[in-house]
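S.K.: A structural model of the following input is requested.
(one chain, ligands or ions: 1)
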Amino acid sequence: MAHLLALGLLAATASAQNFGGSSRDEDAFSYVQPENTTILGPYGHSPAVYPSPHTSGSGGWEDALSLAQDFVAQLTLDEKADMVTGQPGPCVGNIVAIPRLNFSGLCLQDGPLSIRVADYASVFSAGVTAAATWDRDILYQRGYAMGQEFKAKGAHIALGPVAGPLGRSAYSGRNWEGFAADPYLTGVAMEETIQGYQDAGVQACAKHFIGNEQETQRNPTYDSNGTLTDVIQEAISANIDDRTMHELYLWPFANAVRAKAASFMCSYQRLNGSYACENSKALNGLLKEELGFQGYVMSDWGGTHSGMASIEGGLDMNMPGGLGAYGMHPEAGSFFGGNVTIGVNNGTLDEARLDDMIIRIMTPYFWLEQDVDYPTVDPSSADMNTFSPRSTWLREFNLTGPRSRDVRGDHAAIIRRQAAEATVLLKNNNALPLRAPKTIAVFGNDAGENTMGPLNSDTFEFGTLASGGGSGTGRFTYLVSPLAAINARAQADNTSLVQYWLNNTQIATNDVADLLAVQTIPEVCLVFLKTWAAEGEDREHLKLDYNGTEVVNSVAATCNNTVVVTHSSGINSLPFASHPNVTAILAAHYPGQESGNSIVDVLYGDVNPSGHLPYTIALNGSDYNAPPTTAVSTNGTYDWQSWFDEKLEIDYRYFDAHDIDVQYEFGFGLSYTTFNLSSISSTQLVRHISAQPRQLEVQPGGNPALWTGLYNVTVEVTNTGDVEGAAVPQLYVTFPDSTPAGTPPKQLRGFDKVVLQPGESRNVSFELMRRDLSYWDIISQQWVIPSGEFVIRVGFSSRDLRETVRISPVRA
Ligand code: BGC
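M.R.: Residues are numbered from 1 along each chain as shown. Down below sits the predicted model:
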């Protein structure tokens, strides 16, 4: 208690500072650059953009907006403060009810692959897995099914999907929560997922906005007493120039706004010197003005570092409400809460801004009709919520309604199918599909069951991984291991022998010929390996965990038909890729609860793999650029800086620009059949194309002119093999020479997934929108189509481009 009181005092001091005087002068960008440091470069500071734009409900929310306005008009000032400030309660984030207005509060739950704090809920495939499908329908269906579960459990807001991290660094601990190291693919995935969630009736939250590209030092370091005013070092600053911001990191968030995401979550770290949750350029300027975002911005949990500066900078909701980095108890004070009331009463905070915050929060609520018969929060969620257990609640929560609702429906079948379709076949020397092998040996500590408690965990040597860790994980009601599914299949196939060795150390340090209990070599050796990644820490290496490489080498030394399957957060170096006895490699990522069934479906050919890499696998871990900033050599408060000097050169953009050989390129993935492309053609869709877009009224997603189709590119895809399969034709654009320096050699601007019978051909069309053919011009602050000839190429990966057509939208 003494501790809380002490914090209360400190909080009061901090809050008074943040609510006193002119808040604009206190915007963080002005205090992060002390004179005695030399952190300023060509970018790394953030211009002021005020005031925070009010929502207009444009883009279809007009009716809901007027309901929200009526609602706000009836609130007292204390109720208004409650509406923008989280409270400990049954969910990971809670806005309290106002019963006299029939408002039963808001329940916010993680996360991007499952409703995490819940029983009887499904664990879906991770974002990276879903992206590997390159399938719009799957992305939508996954979002829709997940949305149904959130709603049935009484969660109003699903804290996902993730477009930040985008995947600047191969090592970032949370890349798997997001989709692809490419803004276009991530943008499509954001749009489909958000539409899926929201069609099911739950609000989406696009996160983490923006520049959250590493975990190391994502939050400040405080002194050892845990007193929040004693910051030893502030969080890292992601320093991103204007063009890179628009063309890479903001791009998929623009899709999220266009898909009418109800909410955004600002990220933990600083952005160009100012905390992302009070960065007026990012929140007011880019998000609300330029992209026309009509919903609300909530802070990441404890990502609020000020009161007025954040509110004026564009933050609309403080989560989880308390003060400090890890969202400490509101009794310890809040930058919002009572300080909002004080701010209005003493004239520091314009009540119109506060009203706008609440209108932004309530408009999507009414738009999605969450005021009508919305399910109550499942009381079991409250019991499972370790983040704010009942003992921490300060307010009443009405937990009525059935307990432990089973919300899984028929989702197991969807999850099984989607993860199978996401599996990326990287190598296949005629090893797959398996044809009812009589003898099978299974190797690797990822094959079997967890043997040490809760399913799916980092500290477990033994057991399959089907998700990463942290707030983006799921709580498995069950998890089908590969070994269990292989055993079931072997039984059905009347296989004569399945043997298994699950101890990686044993496999790596022994001659596998000695381990094999029979003298003959098994028909196939299946090796299952894993790579853990989690929120809060970046990966230290890109190798497979638990000596995975040594395990493969040991098995392949004896077994001339070694098939490797990885369950991983994403990028792994695969030094054994060209080993002649490694006859197949499959990247299955984090598949969710049906893991074993999904991979057996692929191994045995019930599902023809059609996944493609949403990132590049380099030849060496050291080939990747943009590693996380893992340390600073000085101890100044503001010294953690991450300069995004590689600019647009992340992942394939970098490897292409420098002509670096890679193991498996972005977009790569094999099938059990083969495909061909032919007959490319392009059609211009509008008569005259200007370099600059017409200045239309901003709608959600920005200037609608940017989303206008300018060309259709059509190509014929043929299945040239002898089984049914799904092709993923991909369109890459090479900009004309007149484009400013630093433009990547090619960029993904279209893809599709088509199922074809043997011998079947189909035409596939890609619509190129204005944004797809533009670069961000930092001078005119516009998307501009450069003059000259574009080269449009379509192929089956970023380095397997088969058909070319040239267009010149704007003549020199
Ligand atoms: C994470 C968010 C998450 C929140 C609530 C934070 O630490 O960064 O992604 O939604 O916690 O669990």
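
S.K.: ok, which stretches of the stretch 601-750 of the chain are helices?
M.R.: Applying DSSP state H, counting those that start in this stretch to the stretch 601-750 of the chain gives helices spanning 651-657.

S.K.: which other residues reach stretch 496-504?
M.R.: Contact with stretch 496-504 is made by 438-445, 447-448, 461-462, 483, 486-487, 490, 507, 515-518, 522, 546-548, 550-551, as judged by Cβ atoms under 8 Å, 6 or more residues apart in numbering. (Each C-beta comes from the backbone N, C-alpha and C, glycine too.)

S.K.: what comes up buried for that stretch?
M.R.: Across stretch 496-504, burial judged by 16 or more other Cβ atoms under 10 Å covers 498, 500-504.

S.K.: can I get those residues in a markdown table with pLDDT and distance to Asn597?
M.R.: Compiled in a markdown table, the buried residues of stretch 496-504 are given as follows (pLDDT from 0 to 100; distance: Cβ to Cβ, whole Å):
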| residue | pLDDT | distance to Asn597 |
| --- | --- | --- |
| Val498 | 90 | 16 |
| Tyr500 | 95 | 18 |
| Trp501 | 97 | 22 |
| Leu502 | 97 | 19 |
| Asn503 | 97 | 24 |
| Asn504 | 98 | 24 |
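
S.K.: can you put those in TSV and add distance to Asp182 and secondary structure?
M.R.: Below are these laid out as TSV (distance: Cβ to Cβ, whole Å; DSSP: H, G, I helix; E, B strand; the rest coil):
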residue	distance to Asp182	secondary structure
Val498	40	strand
Tyr500	38	strand
Trp501	38	strand
Leu502	36	coil
Asn503	38	coil
Asn504	33	helix
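
S.K.: circling back to that earlier point, out of the contacts of stretch 496-504, which end up buried?
M.R.: Neighbour counting with 16+ other Cβ under 10 Å marks 439-445, 447-448, 462, 483, 486-487, 490, 507, 515-516, 522, 546-548, 550-551 as buried within the contacts of stretch 496-504.

S.K.: rewinding a little: from the contacts of stretch 496-504, which ones fall inside helices?
M.R.: 483, 486-487, 490, 507, 515, 548, 550-551 (DSSP state H).

S.K.: now the two most distant members of those residues.
M.R.: Ala490 and Glu550 (26.9 Å; Cβ to Cβ).

S.K.: centre-most residue in this protein?
M.R.: What sits nearest the mean C-alpha location of the chain, by Cα atoms, centre = their mean, is Gly178, with 1.9 Å.

S.K.: need the phi and psi values for that one.
M.R.: Per-residue torsions, Gly178: phi -90, psi -160 (degrees, to the nearest 10).

S.K.: I figured it hits Arg168, correct?
M.R.: No. Using Cβ atoms under 8 Å, Gly178 is not in contact with Arg168, being 10.8 Å away.

S.K.: give me every residue in the stretch 201-350 of the chain lying close to the ligand.
M.R.: 207, 300-301 (Cβ under 6 Å from any ligand atom).

S.K.: cool, the chain as well?
M.R.: Counting by Cβ under 6 Å from any ligand atom, the chain sits next to the ligand at 92, 110-111, 159, 207, 300-301, 471.

S.K.: so among these, where is pLDDT lowest?
M.R.: Note: of these, the lowest pLDDT belongs to Gly111, at 92.

S.K.: neighbours of Arg270, how many?
M.R.: As a burial measure, Arg270 scores 32 neighbours (other Cβ atoms under 10 Å).

S.K.: run a quick neighbour tally on the residue in the stretch 601-750 of the chain positioned nearest to the ligand.
M.R.: The nearest approach of the stretch 601-750 of the chain to the ligand comes at Pro628, 16.0 Å away (Cβ to the nearest ligand atom). The number of residues packed near Pro628 is 20, by other Cβ under 10 Å.

S.K.: so for it, what's the pLDDT?
M.R.: As predicted, Pro628 sits at a pLDDT of 95.

S.K.: ok, now how distant is it from Ser610?
M.R.: Separation of Pro628 from Ser610 (Cβ to Cβ, to the nearest Å): 32 Å.

S.K.: also Thr637?
M.R.: Distance of Thr637 to Ser610, given as Cβ to Cβ: 50 Å.

S.K.: these two: who's more crowded?
M.R.: Neighbour comparison, Thr637 and Ser610: the larger count goes to Ser610, with 28 against 15 (by other Cβ under 10 Å).

S.K.: which ones are touching that one?
M.R.: 133-135, 421, 669, 671, 725-728, 753.

S.K.: from these, pick the one nearest Glu767.
M.R.: Nearest to Glu767 among the contacts of Ser610: Lys753, at 15.7 Å, using Cβ to Cβ.

S.K.: need the pLDDT of the residue lying closest to that closest one once chain neighbours are set aside.
M.R.: Excluding the flanking residues, the one nearest Lys753 by Cβ to Cβ, 6 or more residues apart in numbering is Asp135, at 4.5 Å. With respect to pLDDT, Asp135 has a value of 98.

S.K.: make sure Asp135 is actually in contact with Glu421.
M.R.: Yes. Between Asp135 and Glu421 there is a contact under Cβ under 8 Å: 6.5 Å.

S.K.: what do these two both touch?
M.R.: Shared contacts of Asp135 and Glu421 (Cβ under 8 Å, 6+ apart): 610, 726.

S.K.: related to what we said a few turns ago, the residue of the stretch 601-750 of the chain closest to the ligand is in contact with Tyr171, isn't it?
M.R.: Yes. Using Cβ under 8 Å, Pro628 is in contact with Tyr171, at 5.4 Å.

S.K.: where do the contact lists of these two overlap?
M.R.: Shared contacts of Pro628 and Tyr171, defined by Cβ under 8 Å, 6+ apart, comprise 214, 538.
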